[in-house]
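Peer 1: Predicted model, plus sequence, below.
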Amino acid sequence: MTLVHRVGLLTPEQVDQVRALVRAADDTDGTLPLSEQVMLHLDAPGVHLLAGNDGQIVGYAQVEDTSAEFVVHPLHRRHGLGRALATAVLAESADHGLLVWAHGDHPSASALAIRLGFDRARVLLQLRRALSAPIADYELPPGVLLRAFVPGEDDEAWLALNAAAFAQHPEQGKWTRADLRLRLAEPWFDPAGFLLAERDGRLVGFHWTKVHEGPEPIGEVYVLGVAPDAHGGGLGRALTLAGLHHLRDRGLDQVMLYVDEDNPRAVTLYRKLGFAHWTGDVQYRRDH
């Protein structure tokens, strides 16, 4: 019988096992089963739920406040392990509601959510486009200059702009200095791909790009934001195109991005720029 147990901190060996588990699920499903936020906190104190026997981890869940994510090894599915992890996650949140992401909208995740009384609450679309297709030139609004992010100098100004641009966003607008520092320390970080739009010495927008390395590397519109008082002037479109040109100049063939399904303005912009639907992540909610 496979047991689920809780630990407050993963050992280095357990972190490596979870990362291997994530790679196995990605290879099978074509979608990373855990978000970047969860992966960045594998070695941090928190609520970690492990499923396995004899030291082998075949299932993993991470719970943070009212949200959770979990993954089961492809070779150990259809044996009730997903339900066991989900039950353990629910026990951790018995006194409040819970939000759980299903990356890739896998049918088995949907079936499990229904059985456990979860409702479909949010859909995050993944869109993609080929960088070999024509990319329009961009024109910045009058008085706006484009430059690269300077770590250690732009941190506070960018955090303030990010909070303002994503004030209504459930995750992005809550980034702290620690969240930013974690990503600036990642191997993929490249300040040349973190584009800042500045007017009269004040940041008014940004396009942070990312490159996913591998056999078939792909670029990403990682985060794109515009100051609330700079909306309507074409800055968002110009920043998107500037980032696409940067990624193409890096020699990449494809680019991806994530956008909330219920953000029609952004979805329309990206579709006009040649992006098409690839897959989607679904967040399920169960109220207390």
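Peer 2: Yep, it's here.
Peer 1: name the element A84 belongs to?
Peer 2: In the assignment (DSSP states H and E), A84 maps to helix 81-92.
Peer 1: what's the offset of that helix from the middle of its chain?
Peer 2: From the chain centre to the centre of helix 81-92 is a distance of 23 Å (CA atoms, centre = their mean, to the nearest Å).
Peer 1: Number of residues surrounding T209?
Peer 2: The number of residues packed near T209 is 25, by other CB atoms under 10 Å. (C-beta placed from N, C-alpha, C; glycine too.)
Peer 1: Tally up the residues packed near the residue nearest to it when sequence neighbours are not counted, please.
Peer 2: Distances taken as CB to CB, 6 or more residues apart in numbering put G193 closest to T209, at 4.1 Å, once the chain neighbours are dropped. Neighbourhood size, G193 [other CB under 10 Å]: 22.
Peer 1: For M1, report the pLDDT, please.
Peer 2: M1 carries a pLDDT value of 54.
Peer 1: that older thread, show residues contacting the helix or strand following the helix holding A84.
Peer 2: Using DSSP H and E, the helix or strand that follows helix 81-92 in sequence is strand 98-102. Contact partners of strand 98-102, identified using CB atoms under 8 Å, 6 or more residues apart in numbering, comprise 35, 66-70, 86, 89-90, 109-110, 113, 118, 121, 281-286.
Peer 1: Please repeat the previous calculation with a cut-off of 10 Å.
Peer 2: Contact with strand 98-102 is made by 31, 33-35, 37-38, 61, 63, 65-70, 86, 89-90, 92-93, 108-110, 112-113, 116, 118, 120-122, 124, 170, 280-288, as judged by CB atoms under 10 Å, 6 or more residues apart in numbering.
Peer 1: So which of the residues you listed sit within helices?
Peer 2: Q37, V38, A86, V89, L90, E92, S108, A109, S110, L112, A113 (DSSP state H).
Peer 1: can I get the residues you listed in CSV with pLDDT, neighbour count and distance to V211?
Peer 2: Formatted as CSV, the ones in helices among the contacts of strand 98-102 follow (pLDDT from 0 to 100; neighbours: other CB atoms under 10 Å; distance: CB to CB, whole Å):
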residue, pLDDT, neighbour count, distance to V211
Q37, 92, 15, 19
V38, 96, 23, 21
A86, 92, 24, 34
V89, 93, 22, 33
L90, 92, 17, 37
E92, 90, 16, 35
S108, 83, 12, 31
A109, 85, 22, 28
S110, 86, 15, 31
L112, 89, 18, 34
A113, 90, 19, 33
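Peer 1: which one among the residues you listed gets closest to G274?
Peer 2: Closest approach between the ones in helices among the contacts of strand 98-102 and G274, by CB to CB: Q37, at 28.3 Å.
Peer 1: Report the contact partners of that closest one.
Peer 2: Applying CB under 10 Å, 6+ apart, the residues contacting Q37 are Q62, E64, S67, E69, W101, E171, D179, L182.
Peer 1: ok, of the contacts of strand 98-102, which come out buried?
Peer 2: By neighbour count, with 16 or more other CB atoms under 10 Å, the contacts of strand 98-102 hold 31, 33-35, 38, 61, 63, 67-70, 86, 89-90, 92-93, 109, 112-113, 116, 118, 124, 280-286 as buried.
Peer 1: CA atoms only for the helix holding A84, dumped as CSV, please.
Peer 2: In CSV, the C-alpha atoms belonging to helix 81-92 read as follows (Å, rounded to 0.1, in the frame of the first residue of the first chain):
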residue,chain,number,x,y,z
LEU,A,81,-2.9,7.6,-5.6
GLY,A,82,-4.3,10.9,-7.0
ARG,A,83,-7.4,10.6,-4.8
ALA,A,84,-5.2,9.8,-1.8
LEU,A,85,-3.1,12.9,-2.4
ALA,A,86,-6.1,15.0,-2.9
THR,A,87,-7.7,13.7,0.3
ALA,A,88,-4.5,14.6,2.2
VAL,A,89,-4.5,18.0,0.6
LEU,A,90,-8.1,18.6,1.7
ALA,A,91,-7.2,17.5,5.3
GLU,A,92,-4.6,20.3,5.3
